[in-house]
Every structure is written in C-alpha cells, then in structure tokens.
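Peer 1: sequence? don't have it. structure:
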C-alpha cells in the first residue's frame, strides 16, 4: 500500500514537472507580442491597433495528425488599443470574426466591443493563442491554417478579406513575376490597369512623404533605369526622391508645365521645341 502511494506521488510529481516545462516552452514574451502586432498590422492596417499590454498565460503541447503538425500552443492575455475610430460589427469589412481568427481567439474571448463603433483610445481585451513549432532549436510560428486545432477558432467571413496594404503587396508581387502575357487579352488589360494603379499610388505616397518627384520613362527603358539609380542615390544621401514612370519626354514636359513633378528627363529636341514655342504640346 505504501509502495503504491509512493509510486502515485512520483507519477504526479513527474506529470507536474512536465506541465511546468510545457508552460515555459516557446518564444519569449516580447517575441510573442511582436508576432501579434505584426498579424494585426498585416491583416487590418498598421494604423488601427496598438498592443497596450501583453501577458503570457501558459502553454500546452499539441499534435494535429490530419495536418501532420505538432508544436506548442501559447496562450496569452492582451489589451489592444484603437488608434482610430473603427467598427468591428460591420458585416462587410474586417470585423469581430476577422479579429478572432487573427488573434487565435474566439468571439467570446474578446471583450470591450462597442455596439456601433469603437473610438480612438478604446481598449479591447483579448484572450488568444499562438501556435509554434520547434525546428533545429528555433521556434517558428505556424501559419493560420495550421494553427487552428479545434473548431472554436472563428475564421473571418468578410467581403474585404485582407487589409488594403496586404492586397497592394500581393499585387506588387504578381506584377514582378516574369510571366508571358499574350497581348490584347483580358489578362493583359488587367495587368496594364494594375500597373497604372500601383504607379499612381506610389506617386501619391511619395508626394505625401514630401519626396521630390523625378519623372523619367517607361519601366524597361533607359530613362527609367537612370531615374531609378538617380533616385536611389539621392535618397541614400538624404534627399528623398521618387522615380515616376512616364511615357517619355512629351509626358514629362506636360508634367513639368503643369507642376506635377519637380524635375524630369526630356530629349533635347523636345525641350527646344517647347521652349521656343514652335508648337503646342497637343501637336507633338
């Protein structure tokens, strides 16, 4: 009888040690906080949430046989501060379900939600979790699709999907791929319009930052190549400059005349023609 009780004590002691060990597994608290902030910035926007406080609340090992994933679930308590007014109750946009998915929480694990809209400075309390796997002594966060190991985690059901910044990043990535697109096709038209959209957005961002605008030429041309090298060199030496894509000398002249850019590359004959007023811009 005494031996059985001693055995039970040793077993419980060993189990307690394993549980305590599991609670200490995973990245440090500051790494977890940074990961959560990155997720919020990536899925919503960098100007919506700021982590007001973060506390690790424990961890537990898990294994998902269906996905072939194993690691550790790290639970946390966090307070998220709104940096601007925002409604998480809208069915059209990124909403409470989106936030629950991003934070590894459930709808019931998020409190502080206002009926119509939260205001700047409001605080949300979140009880969530992050999933990590260890490889070669390093902890790696698991992707959202592999993190959900039970059906309580709510996936976002929205029309917008990812944040505008992430959509733009995905478009940039697509445009940079070297793929052959047949001319005069629907895909070619979409690519052209997307390129034009990205160029206009880049120009607006540069103007908002106060950068000088240098109008050069088409992406594959020598004018643009020179403009890119010049802008990078200028920016590196303290004079922020944006290389703006254009159709060439005539468009650059138009932009200069209408004060749309600060300076530009123009062929000498076009510049002479415009300077002497031999013809109007529309005639060129």
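Peer 2: Thanks, I have the structure now. All values derive from a computational prediction rather than experimental measurement. Numbers count the residues shown, from 1 in each chain.
Peer 1: quick one, helices of the stretch 51-200 of the chain?
Peer 2: Assigned helices in the stretch 51-200 of the chain, in chain order: 96-103, 144-147, 164-176, 186-209 (criterion: DSSP state H, counting those that start in this stretch).
Peer 1: residue 167: how many residues sit nearby?
Peer 2: The local packing of residue 167 (other C-beta atoms under 10 Å) involves 12 other residues. For glycine as for every other residue, the C-beta is placed from the backbone atoms N, C-alpha and C.
Peer 1: pLDDT at it, what is it?
Peer 2: As predicted, residue 167 sits at a pLDDT of 79.
Peer 1: closest one to residue 237 among the helices of the stretch 51-200 of the chain?
Peer 2: Nearest to residue 237 among these is helix 186-209 (16.5 Å), distances taken as C-beta to C-beta.
Peer 1: quickly run through the sheet partners of whichever helix or strand comes after that closest one, with directions.
Peer 2: Scanning forward in sequence from helix 186-209 by DSSP states H and E, the next helix or strand is strand 212-215. Strand pairing for strand 212-215, using DSSP bridges, gives strand 241-244 (parallel), strand 263-264 (parallel).
Peer 1: and the angle from the very next helix or strand once past strand 212-215 to helix 186-209?
Peer 2: Sequence-wise, the next helix or strand downstream of strand 212-215 (DSSP H and E) is helix 222-236. Helix 222-236 and helix 186-209 are oriented at 30 degrees to each other (axes from the mean of the first three to the mean of the last three C-alpha atoms, to 10 degrees).
Peer 1: name the helices or strands packed onto helix 222-236?
Peer 2: Packing contacts for helix 222-236, counted by 3 or more C-beta pairs under 8 Å, 6 or more residues apart in numbering; DSSP states H and E, involve strand 212-215, strand 241-244.
Peer 1: can you add distance to residue 134 and give the helices of the stretch 51-200 of the chain back as JSON lines?
Peer 2: Below are the helices of the stretch 51-200 of the chain laid out as JSON lines (distance: least, C-beta to C-beta, whole Å):
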{"stretch": "helix 96-103", "distance to residue 134": "22"}
{"stretch": "helix 144-147", "distance to residue 134": "14"}
{"stretch": "helix 164-176", "distance to residue 134": "28"}
{"stretch": "helix 186-209", "distance to residue 134": "39"}
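Peer 1: which one of the ones you listed is the most hemmed in?
Peer 2: Ranked by mean neighbour count, these are led by helix 96-103 with a mean of 22 (mean count of other C-beta atoms under 10 Å).
Peer 1: show me what that helix is packed against.
Peer 2: helix 29-43, strand 110-111, strand 123-135.
Peer 1: if you set the cut-off to 10 Å instead, what comes out?
Peer 2: Counting contacts by 3 or more C-beta pairs under 10 Å, 6 or more residues apart in numbering; DSSP states H and E, helix 96-103 is packed against helix 29-43, strand 49-64, strand 69-82, strand 110-111, strand 123-135, helix 144-147.
Peer 1: I'd like the average pLDDT over that helix.
Peer 2: On average, the pLDDT along helix 96-103 is 86.
Peer 1: and that helix with strand 49-64, angle?
Peer 2: Going by the same axes, to 10 degrees, helix 96-103 makes 70 degrees with strand 49-64.
Peer 1: most neighbours per residue, which of the helices and strands packed on helix 222-236?
Peer 2: Taking mean count of other C-beta under 10 Å, strand 241-244 is the most buried of the helices and strands packed on helix 222-236, at a mean of 24.
Peer 1: what's the next secondary structure element after it?
Peer 2: Next along from strand 241-244, by DSSP H and E: helix 249-257.
Peer 1: what residues does that following helix touch?
Peer 2: With contact meaning C-beta atoms under 10 Å, 6 or more residues apart in numbering, helix 249-257 is reached by 213-218, 223, 244-247, 260-271, 273-275, 281-282, 284.
Peer 1: which residues touch residue 34?
Peer 2: 27, 28, 51, 54.
Peer 1: pick the one among those residues closest to residue 118.
Peer 2: residue 51 (15.6 Å).
Peer 1: can you pull the contacts of that closest one?
Peer 2: 33, 34, 36, 37, 40, 78, 79, 80, 81, 126.
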